[in-house]
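Colleague: Using only what follows, build the 3D model:
(chains A, B, C and D)
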Protein chains: 2
Amino acid sequence: MEYVDLSMKTDQNELVDFDAIDRRILTELQIDGRITNVELARRAGISAPPCLRRVRRLEEAGLIRGYHAETDGSKLGWSITFFVIVGLESQKEVMLSGFEKQVATWEEVRECHMIRGGGDFLLRLVARDAAHENILTQRLTGLPEVSRVQTLQTIRTSKNVAGVPI
Amino acid sequence: MEYVDLSMKTDQNELVDFDAIDRRILTELQIDGRITNVELARRAGISAPPCLRRVRRLEEAGLIRGYHAETDGSKLGWSITFFVIVGLESQKEVMLSGFEKQVATWEEVRECHMIRGGGDFLLRLVARDAAHENILTQRLTGLPEVSRVQTLQTIRTSKNVAGVPI
DNA sequence: GGCCGCGCGCAATATTATTTCATTGGCCTG
DNA sequence: CAGGCCAATGAAATAATATTGCGCGCGGCC
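Modeller: Numbers count the residues shown, from 1 in each chain, chains lettered A, B, ... in the order given. Model prediction:
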């Protein structure tokens, strides 16, 4: 006789249930994602094993999506960051997601946000130089569904922090 | 007419010297910043010690600025992300950096980019709800040096990747 | 050829991650 | 109020990983 646990789990574990220690853990991991668990536990005021269990729990609940190295784009040959506001002719969902799928394949497009209600997007792109930036802008303008393109070139960035306040 | 010097005098090219293995390392660390050095070495095709030495070298050269956990803002109570294009009345450097320093102290402001040549900024903010968003917008509008505020609310984000192509 | 100098990888050691397990305290129930 | 249940903790043991030390091979350069 087998006893099988049939208890249902909601597919999105909401986890409305995190305390001051969890917040401390999240804060520290947003600042330094490669901190050792020992040091993290020390800062959170608990011992290592429960600290690691909390981290795993936060990961599985989706509060932590992943960990990433922050690289220096200009030192890697991507000297230009710019934003583009793109307006589409149609507001039909098929056209919108078609545009999203299209630009998602471009490696220079790092972010794509749909904004406002109707057919506008804000993109963040990187380019190797001004010529490259022009090519990308023209490639956007040339897309059939695109009706309007406004480029916002970044002169300098005074603040850029990961995550959200905790 | 004011002329803004856009020339990029970089004294920052300490390390012009990274090869295919380094690029592989950077790529993997951008995707998963908590990968173990052993696994990273395996993917880079070298053994662990030289791999770790390369990572340290990339960190010290500034190609890797840091590591961060990517968190889920909405699950942490920050359900709204929006962008704001802010225009200042003055283009004097004192006013520009004054504005930057001011908004940098707001925890809801996650990015602040100066755009174009003259006194405009693009900000990315997070808010707990619509009321909070309104408060933030009004707080921006109320700043003495601010002349124009345009809000771009994010409906959905179809792409958001860290770093740059490598 | 012989001498660097750099970067590699093996092996040893230090540190960290992870599992195991006994214990504690809160809380419901009889 | 005792007893049992549950969740979470931390000490200790073990597994895995990070880091150091060192000898070797390869390519450039007299």
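Colleague: Contact residues of chain A facing DNA strand D?
Modeller: With Cβ under 7 Å from any atom of the strand as the criterion, chain A meets DNA strand D at residues A:I21, A:I46, A:S47, A:A48, A:P49, A:P50, A:R53, A:R54. All C-beta atoms are positioned from the backbone trio N, CA, C, and that covers glycine.
Colleague: Neighbour-wise, which one of those residues leads?
Modeller: A:R54 (21 neighbours; other Cβ atoms under 10 Å in any protein chain shown).
Colleague: Tell me if the helix or strand that one falls within is near chain B.
Modeller: Under the criterion of DSSP states H and E, A:R54 resides in helix A:48-60. No. Applying Cβ under 8 Å from any Cβ of the partner chain, one finds helix A:48-60 separated from chain B by no less than 8.6 Å.
Colleague: same for that helix, what does it pack against?
Modeller: The contact analysis (3 or more Cβ pairs under 8 Å, 6 or more residues apart in numbering or on different chains; DSSP states H and E) places helix A:48-60 against helix A:20-31, helix A:37-44.
Colleague: C-alpha coordinates for it, CSV please?
Modeller: Taking Å, rounded to 0.1, in the frame of the first residue of the first chain, the C-alpha atoms of helix A:48-60 are listed here in CSV:
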residue,chain,number,x,y,z
ALA,A,48,24.8,28.7,8.0
PRO,A,49,22.4,25.7,7.5
PRO,A,50,19.1,27.6,8.1
CYS,A,51,20.5,30.5,6.1
LEU,A,52,21.1,28.3,3.1
ARG,A,53,17.7,26.8,3.4
ARG,A,54,16.2,30.2,3.4
VAL,A,55,18.1,31.1,0.2
ARG,A,56,16.9,28.0,-1.5
ARG,A,57,13.4,28.7,-0.4
LEU,A,58,13.6,32.3,-1.8
GLU,A,59,14.9,30.9,-5.1
GLU,A,60,12.2,28.3,-5.4
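Colleague: ok, the residue lying closest to A:L125 once chain neighbours are set aside - contacts?
Modeller: The shortest distance from A:L125 to any non-neighbouring residue, by Cβ to Cβ, 6 or more residues apart in numbering or on different chains, is to A:E108 (4.9 Å). Applying Cβ atoms under 8 Å, 6 or more residues apart in numbering or on different chains, we find A:E108 in contact with A:L125, A:V126, A:A127, A:H132, A:L136, B:P165.
Colleague: Next, give phi and psi for A:E108.
Modeller: Main-chain torsions, A:E108, degrees, to the nearest 10: phi -70, psi -20.
Colleague: quick one: it from A:K92, how far?
Modeller: Relative to A:K92, A:E108 is positioned 26 Å away (Cβ to Cβ, to the nearest Å).
Colleague: what's the answer for A:T81, then?
Modeller: Distance of A:T81 to A:K92, computed by Cβ to Cβ: 31 Å.
Colleague: For these two, indicate the residue with more neighbours.
Modeller: Neighbours were counted for A:T81 and for A:K92 using other Cβ under 10 Å; A:T81 has more, 20 against 12.
Colleague: Now do the helix or strand containing that one against strand B:80-88, angle only.
Modeller: In the assignment (DSSP H and E), A:T81 maps to strand A:80-88. With axes from the mean of the first three to the mean of the last three Cα atoms, to 10 degrees applied, the angle from strand A:80-88 to strand B:80-88 works out at 110 degrees.
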